[in-house]
Each structure stands twice: as C-alpha cells, then as structure tokens.
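K.L.:
Predicted model follows, preceded by the sequence.
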Amino acid sequence: MKLEITDQEGLKKRLGFEIPQDIVTKEIAKVYNQLSSTARLKGFRPGRVPPNIFKKVFWPQIKSGVIKNLLPEYYRQAIDEAGLEPIGDPKLGDFSLEEGKPLFVTVDLDVKPAIEPSDYTGIDVEWQKVQATDEDVAETLARLQENNAQFEVVEDRAVKAEDAVVLDCKGTLKTGSKDMMEKRNILFYIKGGDGIDDFTNALIGMNKGETKRIDAVLPEGFPDKDSGGEKAILDVTIKEIKEKSLPSLDDEFARDIGEFGNLAELKEGIKGQIQSSLERQAENLARERIIKALLEKNPFEPPDIMVESRIDEMIAEIEDQLRSGDSGFDADKWDRIRIRDKLRPQGKRDVHLSLILEGIAKKEGLSASEDEIERELGRLTYKAGHDFEEIKNRAKENGTWGIIRNSILIDKAMKFVLEKANRIEIHEVSKGDTK
C-alpha cells in the first residue's frame, strides 16, 4: 500500500494512503447499481437514466457511498502498515474520486505518544509474608455453621438473643403520616452482641402470645424496605419463637458442605482457600506499591484526549451498574460535569500507567498471540449458539480485537515488573491483617 505520513503539531499526524484502482472501480459500479435502481430523476423512469447523466447528477452520492464502504478497511490496513496507534476518531481530509484511477485519501489523527519507560526493574517493594492459621480456619467453620443453622420452634421460654420470631405488628410511623401500618407473620431475627437496636432489645424477654407497644426506630428492612429506619409506635405480638441450632462439626457436616470426605479434608480445603486469598491480597498490595513507584519514576502528562476517553469509559461503566441495580437511576438528572471532574484524577492515573506498561511491553518484546486474544474474546463475548468466527471478524472490524490485545500486553507487562521487583518481605500476617 502506498503510504504518506506527515508529522503535525503535538501528537497529530496526517496519514495518506492509496486504495487500488480496480477496487475503486468495482465499488463505484456497486454503489451506482444500488442508487440507480431506486433514485428518481425527472423525465426518466427509475432504472432508465443513462449512466453518463446519472453519474453526473448523483456523483456526490456515489462518492459518499464509495468512501463510506472502503474507508474503514483500508484505514485499518494503513495504520497497521504505518505502525500507528491512533487515539480518538480520524478526521477525513479532501479527496478526489475519478473513474479509472486509484483513490488517494488523507486523514488527520492523533496517535499515542511514544513512551520510553525507565527504572521499571528491580523496584524495591514491601511484600507481606502471609500464612493462614488454625484460627482463620476456625472462624470460617463458625461462619459455615451459622449459614447452615436450623431454627426449631420452642414453647417454654421467652425470646432471647439469636432467636428468630414470627410476629404481627400494627401501628403508625412517626413521620407525620397517620396511615395505619399492619403486617402479619413477619419472620424477624433477634441479633445478639453489641450495638443491638432499641426495637430488637424490646422484643427480648417477650413470650409467645404476648403483645407489647414499642416506641422506637425500626431496624433497617423491617417490616419492609420502605419503613426501615423510621420512627414508629407499634403493637407487636409474638406468634412463634424459634431457637437456633448449629450443625455439629463432624464428617457428615463436611460432606454436606461440598466434595469433602471428612472434616479434616474440609479444614484443609478451607486453609488452602484462605492461603490463596491472602497471597492474592498481598500481591495486590505489592502491585499498588509498584504502580506508585512506576508513576513516580516515569513522570509525564498523559494526553487529554486519552484522559477524556478514559473518563467516558468510567462513566459508562458506572451508569451500567446503576441501571442494572435497584437504585431508580435517572441519567437525565445525573450531573456529568461534576462526576467528570471527580473522576479526572483516576482517569489521568489510568492512562499514565497504561502508557508506561505499553512502553514496557514494547521494550521487552512482549506479545499477545492470536490464541490468547481469542480465549479472552470468547470469555468476554461467549453466547451459546453464536458463530465465534463471526464474533471474531466483527471484533477485528470494530477495534475490540486491538483493545483486547492491548489489555493482554498491559497485564503481561505488569507481571513482568512484579517478577523483576526486589521483594522485601515484611511481618507475617493472617487473614485479618493485610494492610
């Protein structure tokens, strides 16, 4: 492909490339046929306009159709051959389309800055030495017992902490509303420990069949999500008291929990999971320390266009999360200007770091194979019954393929820096101490 690259101000470049004459001729004929079958010209029936007259009248539309159809593919080919990494959308320059001649196109584009990273090997980093303990295992077993607890009805005693009760309540909220609230057969858990709320505390000591007037702030979620946290006066009747029964820690419990033959295997499995979690936490902390060092050792101002693009991505991610939740999110009422300002420091940091890591990947000759990109694309886009080849081709056309490739390279560069770091082991910690 014939290429011309001209440096402009800052990160801007002008890229010129030629689309072969035979390709252009075929595309002109294709667009002509599409337009001529439907376009209307006074004095002629549809499809009956002489070609020379039709082309003279409709040449702007033919020109637009040809460039629209050919530009994406040949632009991608041109930037690949030129070794350019554009940021943002290109701006198409003037061009002349003539039959029987190749089409020479120019585009103005911004490109990623060439970063030459330094001081990224041998970084001193504190790395916590972690070890899962028997105490950690015991805490996890206790939680598993709680999660698998059974509640059994009792008749001969009052309500106490850790019970569950079935109750009816009737009364009013103290928010100015005079509407009566009445709820029946509510299952309510009596929390124990410190910080017990006044409403729950008032239930302790009540007996089955007893009714008590309670003036207190309602616990969150009681008796429903709209009333929780409100002040209320309620007449509460205890209909049933249920005592919590924890399962025994034995081999049968281990088999019920999962694919464990006995309690010893369950404990060993738990310990391994905790150890893996601790090691991930320790690595994440070390990673954050290394990132801080990389940014300090390689100072530069990331391009505004990349920062703004990153902020756009973060806002889109936040909006998707809010829409998928139960927050009643209204995009029209969102203050995007304020949010953009708040996200800008993180956006600058993300772009700064990605450019450093991309530079490291390039300098160290790291690469992402087609198999690696395909696996990640499949993980991100897999849908049963869809043609993966079609998904892959579309990813190459819309830029997703390149984004995934870049993400893999960044991840490999970060792992490279971690592997080359000078680890300084610090005190041994357990699951509850990873700061």
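P.N.:
Thanks, I have it.
K.L.:
Give the burial count for Asp251, as a bare number.
P.N.:
When neighbours are counted by other Cβ atoms under 10 Å, Asp251 registers 15. To be clear about C-beta, it is placed using only N, CA and C from the backbone, and glycine gets the same treatment.
K.L.:
Could I get the contacting residues of the residue nearest to it when sequence neighbours are not counted?
P.N.:
Spatial nearest neighbour of Asp251, chain neighbours left out: Asn262 (4.2 Å); criterion: Cβ to Cβ, 6 or more residues apart in numbering. Residues near Asn262 by Cβ atoms under 8 Å, 6 or more residues apart in numbering: Asp251, Ala254, Arg255.
K.L.:
quick one: which of those residues sit in helices?
P.N.:
Within the contacts of Asn262, residues falling in helices by DSSP state H are Asp251, Ala254, Arg255.
K.L.:
out of the residues you listed, who's nearest Leu234?
P.N.:
Nearest to Leu234 among those: Ala254, at 43.4 Å, using Cβ to Cβ.
K.L.:
to the chain's geometric centre, what's the distance from the helix or strand containing Leu322?
P.N.:
Taking DSSP states H and E as the criterion, Leu322 maps to helix 304-324. Between the centre of helix 304-324 and the centre of its chain there are 10 Å (Cα atoms, centre = their mean, to the nearest Å).
K.L.:
same check, this time on stretch 50-66
P.N.:
47 Å.
K.L.:
Restrict it to CA atoms and write it as PDB.
P.N.:
Written as PDB, here are the backbone C-alpha positions of stretch 50-66 (Å, rounded to 0.1, in the frame of the first residue of the first chain):
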ATOM      1  CA  PRO A  50     -28.500   6.900 -18.900                       C
ATOM      2  CA  PRO A  51     -25.300   6.100 -17.000                       C
ATOM      3  CA  ASN A  52     -23.500   9.300 -18.000                       C
ATOM      4  CA  ILE A  53     -26.400  11.500 -16.900                       C
ATOM      5  CA  PHE A  54     -27.000   9.600 -13.700                       C
ATOM      6  CA  LYS A  55     -23.300   9.800 -12.700                       C
ATOM      7  CA  LYS A  56     -23.200  13.500 -13.400                       C
ATOM      8  CA  VAL A  57     -26.200  14.200 -11.300                       C
ATOM      9  CA  PHE A  58     -25.600  11.700  -8.500                       C
ATOM     10  CA  TRP A  59     -21.800  11.700  -8.300                       C
ATOM     11  CA  PRO A  60     -21.700  13.300  -4.800                       C
ATOM     12  CA  GLN A  61     -23.900  10.400  -3.500                       C
ATOM     13  CA  ILE A  62     -21.700   7.800  -5.400                       C
ATOM     14  CA  LYS A  63     -18.600   9.500  -3.900                       C
ATOM     15  CA  SER A  64     -20.000   9.400  -0.400                       C
ATOM     16  CA  GLY A  65     -21.000   5.700  -0.700                       C
ATOM     17  CA  VAL A  66     -17.700   4.600  -2.100                       C
END
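K.L.:
Tell me the buried residues in it?
P.N.:
Phe54, Lys55, Phe58, Ile62, Lys63, Gly65, Val66 (16 or more other Cβ atoms under 10 Å).
K.L.:
what's it in contact with?
P.N.:
Outside stretch 50-66, the residues that touch it by Cβ under 8 Å, 6+ apart are 24, 27-28, 31-32, 34-36, 39, 41, 44, 49, 97, 103.
K.L.:
what do you get for stretch 395-412?
P.N.:
For stretch 395-412, the external contacting residues (Cβ under 8 Å, 6+ apart) are 72, 76, 354, 357-358, 361, 366-368, 372-373, 376-377, 380-381, 392, 394.
K.L.:
Would you map the strands across the stretch 51-200 of the chain?
P.N.:
In the stretch 51-200 of the chain, the strands defined using DSSP state E, counting those that start in this stretch lie at 86-92, 103-111, 124-130, 150-154, 164-173, 180-189.
K.L.:
What are the boundaries of the helices in the stretch 151-300 of the chain?
P.N.:
Ranges of helices in the stretch 151-300 of the chain, per DSSP state H, counting those that start in this stretch, are 198-203, 251-257, 263-297.
K.L.:
Where does pLDDT dip in the stretch 1-150 of the chain?
P.N.:
Along the stretch 1-150 of the chain, segments meeting pLDDT under 70 span 45-47.
K.L.:
For the contacts of stretch 50-66, pick the one with the most neighbours.
P.N.:
Leu103 (24 neighbours).
K.L.:
about what we covered before: now do the buried residues in the helix holding Leu322.
P.N.:
Buried positions in helix 304-324, judged by neighbour count with 16+ other Cβ under 10 Å: Met306, Val307, Arg310, Ile311, Met314, Ile315.
K.L.:
mean confidence for the helix or strand following that helix?
P.N.:
Downstream of helix 304-324, the first helix or strand assigned by DSSP H and E is helix 336-363. Mean per-residue pLDDT for helix 336-363: 94.
K.L.:
again with stretch 243-263
P.N.:
Stretch 243-263 comes out with an average pLDDT of 93.
K.L.:
What is the longest strand of this protein by residue count?
P.N.:
In terms of residue count, the longest strand belonging to the chain (DSSP state E) is strand 231-245.
K.L.:
And stretch 402-418, what's buried?
P.N.:
Under 16+ other Cβ under 10 Å, the buried positions of stretch 402-418 are 402, 404-406, 408-410, 412-414, 416-418.
K.L.:
how is this structure carved up into domains?
P.N.:
Under automatic domain parsing, the residue ranges defining each domain of the chain are 3-111, 150-245, 261-429.
K.L.:
export these to TSV and tack on distance to Ser118?
P.N.:
As requested, those are exported to TSV (distance: least, Cβ to Cβ, whole Å):
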stretch	distance to Ser118
domain 3-111	20
domain 150-245	52
domain 261-429	6
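K.L.:
so which of these comes closest to Asp136?
P.N.:
Evaluated over the domains of the chain, closeness to Asp136 peaks at domain 261-429, with 5.1 Å, by Cβ to Cβ.
K.L.:
residues touching Phe253, list them.
P.N.:
Contacts of Phe253 (Cβ under 8 Å, 6+ apart): Gln145, Asn148, Pro247, Leu263, Leu266.
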